[in-house]
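Q: from the sequence below, what's the structure:
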Amino acid sequence: MTLSLRPVSAVEALAGALRQRVLSGEVEPGTSLPEQEIAAAYGVARPTVREALAVLVHEGLLRRERNRSAYVPEVTLADLDDLMFVRRPLEDLMATSLAGRRVERADAALDRMAALPAEAPWSRSVAEHMDLHQALIDAVGSPRLERLYSTLAAETRLGLVRLRRVYEDRDVLVAEHRDLLDAIAAGPAEAARAAVTAHLAHSWGAE
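A: This is a model prediction of the structure:
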């Protein structure tokens with residue numbers, strides 16, 4: 001069976017389709033993505049597959065090693081704990097800077113998340129989640145903070161794939177982020193930082 005693609009460039013469409021499968025958890029960590037199998041499944045040429053995979057490797061969603069097909073990297077609980085160890089100070093800086101302010105772009109991302117239909121793939125929740133947090137970081141106005149935060153994006157997105165098991169009810173995820181945005185907007189800085197700390201202390205689920 002040939003799977004359908006959106007009417008955009010073949011590389012972009014294929015990269016988007018594979019990205020959705022990875023971020024929805026359909027392609028499990030450790031799973032290889034052989035070029036020949038993908039080409040046959042989507043009805044595209046192998047050079048198109050190669051370029052699409054390169055896009056996802058560049059984004060950090062896939063890994064490629066010599067003499068091995070591209071694959072979805074494993075992100076362990078230890079990896080995620082370390083990710084939070086590095087991410088918390090950056091989010092603390094954000095909370096201190098934004099305390100007492102509303103960030104319209106973050107509110108818009110939350111509204112889009114809340115409006116997702118129940119059958120929407122988890123990858124769309126991941127996208128809005130990332131947009132929300134990136135909007136907060138960008139609102140600080142520090143290019144260096146943005147640069148540091150961007151280095152964590154790939155692992156964060158892969159970590160969020162695990163959360164589909166923790167947040168089977170998407171309304172809970174929306175409510176938690178609404179509380180976070182409200183706490184930052186209300187201030188003061190100490191309360192905003194406390195809200196960020198509590199927000200980042202969620203469970204990633206079992207190994």
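Q: next structured bit after whichever helix or strand His129 is part of?
A: Here His129 sits within helix 122-140, counting by DSSP states H and E. Following helix 122-140 in sequence order, the next helix or strand is helix 143-150 (DSSP H and E).
Q: pull the CA atoms of that next one into PDB?
A: Taking C-alpha atoms only, helix 143-150 is exported to PDB below (Å, rounded to 0.1, in the frame of the first residue of the first chain):
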ATOM      1  CA  PRO A 143      19.700  35.600  22.100                       C
ATOM      2  CA  ARG A 144      22.000  33.600  24.300                       C
ATOM      3  CA  LEU A 145      19.200  32.100  26.300                       C
ATOM      4  CA  GLU A 146      17.400  31.200  23.100                       C
ATOM      5  CA  ARG A 147      20.600  29.600  21.700                       C
ATOM      6  CA  LEU A 148      21.200  27.500  24.900                       C
ATOM      7  CA  TYR A 149      17.500  26.400  25.000                       C
ATOM      8  CA  SER A 150      17.500  25.400  21.300                       C
END
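Q: would you mark the buried spots in stretch 133-148?
A: 133-140, 142, 145, 148 (16 or more other CB atoms under 10 Å). Glycine gets a C-beta too; all of them are placed from N, C-alpha and C.
Q: now do stretch 75-85
A: 75, 80, 83-84.
Q: which single helix of the chain contains the most residues?
A: helix 77-98 (DSSP state H).
Q: list the buried residues of the helix or strand harbouring Val174.
A: Assessed by DSSP H and E, Val174 sits inside helix 170-186. In terms of neighbour count (16+ other CB under 10 Å), helix 170-186 has its buried residues at 170, 173-174, 177, 180-181, 183-185.
Q: what angle do it and helix 77-98 make?
A: Relative orientation of helix 170-186 versus helix 77-98 (axes from the mean of the first three to the mean of the last three CA atoms, to 10 degrees): 40 degrees.
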